[in-house]
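Visitor: starting from these lines, generate the structure:
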Amino acid sequence: MEKNDKIYVAGHRGLVGSAIVRSLRRQGYTNVIGRTHKELDLTEQAAVRAFFEAEKPDIVVLAAAKVGGINANNTSPADFAYENMQIQCNVVKCCHDYHVKKLLFLGSTCIYPKMAPQPIPEDALLTGPLETTNEAYAIAKIAGLEMCKFYKRQYGDDFISCMPTNLYGPYDNYELSGSHVMPAMIRKFHEAKMSGAETVELWGTGTPLREFLYVDDMADACVYLLEHYSGDQHVNIGTGRELTIAQLAQIVKETVGYEGEIVWNRDMPDGTPRKLTDVSKLHGIGWTHKVELEEGVKLAYDWFREHETEARK
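Guide: Numbering: from 1, shown residues only. Down below sits the predicted model:
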């Protein structure tokens, strides 16, 4: 990659895309472009082709996706499958047709089987059944990363993929009906603190194990892979460390300063029992995370308080 390459970050306003834009600019890349959904609907094939024809980007980062938590995935699986596959097909094909030098496709560790070996190595993909609560999203993402491999195999395109673990940080989704666990906890504890509520209800049993990565660390890893990796296999991005949801809740509670009690709603689903990534491949390439969880939660909460009005939308 050259510092003046035109780099198109699809999804540049989201949690992942905005962090990648920040990382690219910090590292001296001066020609980073993006389009809002209103400006460019990536599910519309003709619009995507017109954009590539006009802009002719050198590098593409595909961070745009329809995303959501357990409830959103459970209630709208067809939408998650259809819209994500539309986006991927349109962008990946245009990257080939318009001779993009390099494409980075971002997936998610939910692509791995529900009962995958722990920590999860990259070659665990397609070795068992998926977690049903996010199956539609996972299948769409699997299709996207496999498509990148097929274009590399058939045409020699420099298309790579990475699989970030659970992410959190600035510009996360704090709308409770569609948010992931970390922003949901931050908002619930904050609102309970402000209102003086005696209890906060959280979903499930608190026993599942999860790994969390601060989004700016993830972005730095993505830029590092763009600069240093062109392999066939996708690469896990994570910390290699895990904790229970109940332990996470305690960290968020203490960070927010909420003094009430946590009530676990055991009628709501837990999701996958454990999901820890094997990051030995990433470490072997030369990158490791920097922001530890306690520091990251504080950074995320500080951002939420500074942007509370927009974060609630």
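
Visitor: who's in contact with residue 141?
Guide: The neighbours of residue 141, taking C-beta atoms under 8 Å, 6 or more residues apart in numbering as the test, are 65, 84, 107, 108, 110, 111. Backbone N, C-alpha and C define where each C-beta goes, glycine included.

Visitor: let's go with 6 Å and repeat that
Guide: Taking C-beta atoms under 6 Å, 6 or more residues apart in numbering, we find residue 141 in contact with 107, 108, 111.

Visitor: just the helices from the stretch 51-200 of the chain, written as ranges.
Guide: Here the stretch 51-200 of the chain has its helices, by DSSP state H, counting those that start in this stretch, at 70-75, 77-97, 135-155, 181-195.

Visitor: so which bits of the shortest one are buried?
Guide: Within helix 70-75, the residues that count as buried by 16 or more other C-beta atoms under 10 Å are 70, 71, 72, 73, 74.

Visitor: likewise the second one?
Guide: Going by neighbour count (16+ other C-beta under 10 Å), the buried part of helix 77-97 is 77, 80-81, 83-96.

Visitor: show me which of the contacts of residue 141 is closest to residue 208.
Guide: Comparing the contacts of residue 141 against residue 208 with C-beta to C-beta places residue 108 closest, at 16.1 Å.

Visitor: what about the closest one, neighbour count?
Guide: When neighbours are defined as other C-beta atoms under 10 Å, residue 108 has 22 of them.

Visitor: contact partners for residue 260?
Guide: By C-beta under 6 Å, 6+ apart, residue 260 lies in contact with 192, 198, 199.

Visitor: from these, which is closest to residue 262?
Guide: residue 199 (7.3 Å).

Visitor: ok, that closest one to residue 205 distance?
Guide: Counting by C-beta to C-beta, to the nearest Å, the separation of residue 199 from residue 205 is 17 Å.

Visitor: which of these two has more residues huddled nearby?
Guide: Between residue 199 and residue 205, residue 205 has the larger neighbour count (other C-beta under 10 Å), namely 15 against 10.

Visitor: ok, and what's touching stretch 81-98?
Guide: By C-beta under 6 Å, 6+ apart, stretch 81-98 touches 42-43, 45, 48-49, 52, 60, 62, 64-66, 103, 136, 140, 143-144, 147, 151, 157.

Visitor: pull the CA atoms of it into PDB?
Guide: Output of stretch 81-98 as PDB, limited to C-alpha atoms (Å, rounded to 0.1, in the frame of the first residue of the first chain):
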ATOM      1  CA  ALA A  81     -28.900 -13.100   5.200                       C
ATOM      2  CA  TYR A  82     -30.300 -11.300   2.200                       C
ATOM      3  CA  GLU A  83     -28.900  -7.800   2.800                       C
ATOM      4  CA  ASN A  84     -25.400  -8.900   3.800                       C
ATOM      5  CA  MET A  85     -25.100 -11.200   0.800                       C
ATOM      6  CA  GLN A  86     -26.300  -8.400  -1.500                       C
ATOM      7  CA  ILE A  87     -23.700  -6.000  -0.100                       C
ATOM      8  CA  GLN A  88     -20.900  -8.600  -0.300                       C
ATOM      9  CA  CYS A  89     -21.700  -9.800  -3.900                       C
ATOM     10  CA  ASN A  90     -21.900  -6.300  -5.200                       C
ATOM     11  CA  VAL A  91     -18.700  -5.000  -3.600                       C
ATOM     12  CA  VAL A  92     -16.500  -8.000  -4.100                       C
ATOM     13  CA  LYS A  93     -17.500  -8.400  -7.800                       C
ATOM     14  CA  CYS A  94     -16.700  -4.700  -8.400                       C
ATOM     15  CA  CYS A  95     -13.400  -5.000  -6.700                       C
ATOM     16  CA  HIS A  96     -12.500  -7.700  -9.300                       C
ATOM     17  CA  ASP A  97     -14.000  -5.900 -12.300                       C
ATOM     18  CA  TYR A  98     -12.400  -2.600 -11.500                       C
END
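
Visitor: quick one: pLDDT of the residue lying closest to residue 222 once chain neighbours are set aside?
Guide: Distance criterion C-beta to C-beta, 6 or more residues apart in numbering; nearest residue to residue 222, sequence neighbours excluded, is residue 20 at 5.5 Å. Note on residue 20: pLDDT of 98.

Visitor: now do the buried residues in the helix or strand containing residue 20.
Guide: Using DSSP states H and E, residue 20 sits within helix 15-26. Residues of helix 15-26 classed as buried by neighbour count (16+ other C-beta under 10 Å): 15, 16, 17, 18, 19, 20, 21, 22, 23, 24.
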